[in-house]
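Asks: This is the structure alone, sequence omitted:
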(Lines give C-alpha, C1' and ligand atoms only; values in the text may rest on other atoms or scores of the structure.)
Protein backbone atom coordinates (compact mmCIF):
# COMPACT_ATOMS: atom_id res chain seq x y z
CA UNK A 1 0.00 0.00 0.00
CA UNK A 2 1.25 3.49 -0.73
CA UNK A 3 0.08 6.99 -0.10
CA UNK A 4 1.79 10.13 -1.26
CA UNK A 5 1.29 13.82 -1.67
CA UNK A 6 3.69 15.22 -4.20
CA UNK A 7 5.28 14.36 -7.51
CA UNK A 8 7.92 12.03 -8.87
CA UNK A 9 9.45 14.26 -11.52
CA UNK A 10 11.11 11.53 -13.57
CA UNK A 11 8.35 8.93 -13.34
CA UNK A 12 8.16 8.64 -17.16
CA UNK A 13 11.83 7.60 -17.32
CA UNK A 14 11.37 5.14 -14.46
CA UNK A 15 8.18 3.73 -16.05
CA UNK A 16 9.93 3.21 -19.40
CA UNK A 17 12.78 1.29 -17.77
CA UNK A 18 10.37 -0.84 -15.73
CA UNK A 19 8.23 -1.59 -18.80
CA UNK A 20 11.36 -2.66 -20.70
CA UNK A 21 12.00 -5.11 -17.86
CA UNK A 22 8.50 -6.58 -18.22
CA UNK A 23 6.58 -4.60 -15.62
CA UNK A 24 2.92 -3.91 -16.43
CA UNK A 25 1.03 -0.91 -15.08
CA UNK A 26 -2.69 -0.59 -14.42
CA UNK A 27 -2.65 3.22 -14.24
CA UNK A 28 -0.62 6.24 -15.36
CA UNK A 29 0.05 7.17 -11.71
CA UNK A 30 3.53 8.16 -10.60
CA UNK A 31 2.74 6.45 -7.29
CA UNK A 32 2.37 3.12 -9.08
CA UNK A 33 5.81 3.68 -10.60
CA UNK A 34 7.29 4.34 -7.15
CA UNK A 35 5.73 1.15 -5.74
CA UNK A 36 7.34 -0.88 -8.52
CA UNK A 37 10.73 0.80 -8.06
CA UNK A 38 10.68 0.01 -4.34
CA UNK A 39 9.52 -3.57 -4.97
CA UNK A 40 12.22 -4.23 -7.57
CA UNK A 41 15.11 -2.65 -5.69
CA UNK A 42 13.90 -4.07 -2.37
CA UNK A 43 14.15 -7.60 -3.78
CA UNK A 44 17.78 -7.02 -4.69
CA UNK A 45 17.11 -6.07 -8.28
CA UNK A 46 18.73 -3.17 -10.01
CA UNK A 47 17.22 -0.26 -11.84
CA UNK A 48 19.59 2.32 -13.27
CA UNK A 49 16.99 5.11 -13.15
CA UNK A 50 16.29 4.35 -9.47
CA UNK A 51 19.64 5.85 -8.56
CA UNK A 52 18.23 9.19 -9.66
CA UNK A 53 14.63 9.18 -8.43
CA UNK A 54 13.63 12.83 -8.36
CA UNK A 55 10.79 13.24 -5.90
CA UNK A 56 9.20 16.06 -3.98
CA UNK A 57 6.63 14.37 -1.79
CA UNK A 58 5.66 12.90 1.51
CA UNK A 59 5.39 9.15 1.04
CA UNK A 60 4.11 6.34 3.24
CA UNK A 61 4.67 2.73 2.19
CA UNK A 62 3.45 -0.41 3.92
CA UNK A 63 3.97 -3.96 2.85
CA UNK A 64 4.22 -7.57 3.83
CA UNK A 65 7.55 -9.17 3.05
CA UNK A 66 8.30 -12.84 3.55
CA UNK A 67 11.69 -14.36 2.87
CA UNK A 68 11.57 -16.34 -0.35
CA UNK A 69 8.42 -14.64 -1.67
CA UNK A 70 8.38 -12.77 -4.93
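Replies: Everything's here; your move. Predicted model only: the values in this text are computed from it and were never measured.
Asks: hmm, who's touching the biggest helix by length in the chain?
Replies: Counting residues, the longest helix found in the chain (DSSP state H) is helix 30-42. For helix 30-42, contacts defined as C-beta atoms under 8 Å, 6 or more residues apart in numbering pick out 2-4, 7-8, 11, 14-15, 18, 21, 23, 25-26, 47, 50, 53, 55, 59, 61, 65. Every residue, glycine included, has its C-beta placed from N, CA and C.
Asks: filter those residues to the buried ones?
Replies: Neighbour-count burial (16 or more other C-beta atoms under 10 Å) is assigned, among those, to 4, 8, 11, 14-15, 18, 23, 47, 50, 53.
Asks: Confidence-wise, which of these comes last?
Replies: Of all those, residue 50 carries the smallest pLDDT score, 60.
Asks: where does the nearest residue to residue 1 once chain neighbours are set aside land on pLDDT?
Replies: Nearest residue to residue 1 in three dimensions, chain neighbours excluded: residue 62, at 4.8 Å (C-beta to C-beta, 6 or more residues apart in numbering). What the model reports as pLDDT for residue 62 is 71.
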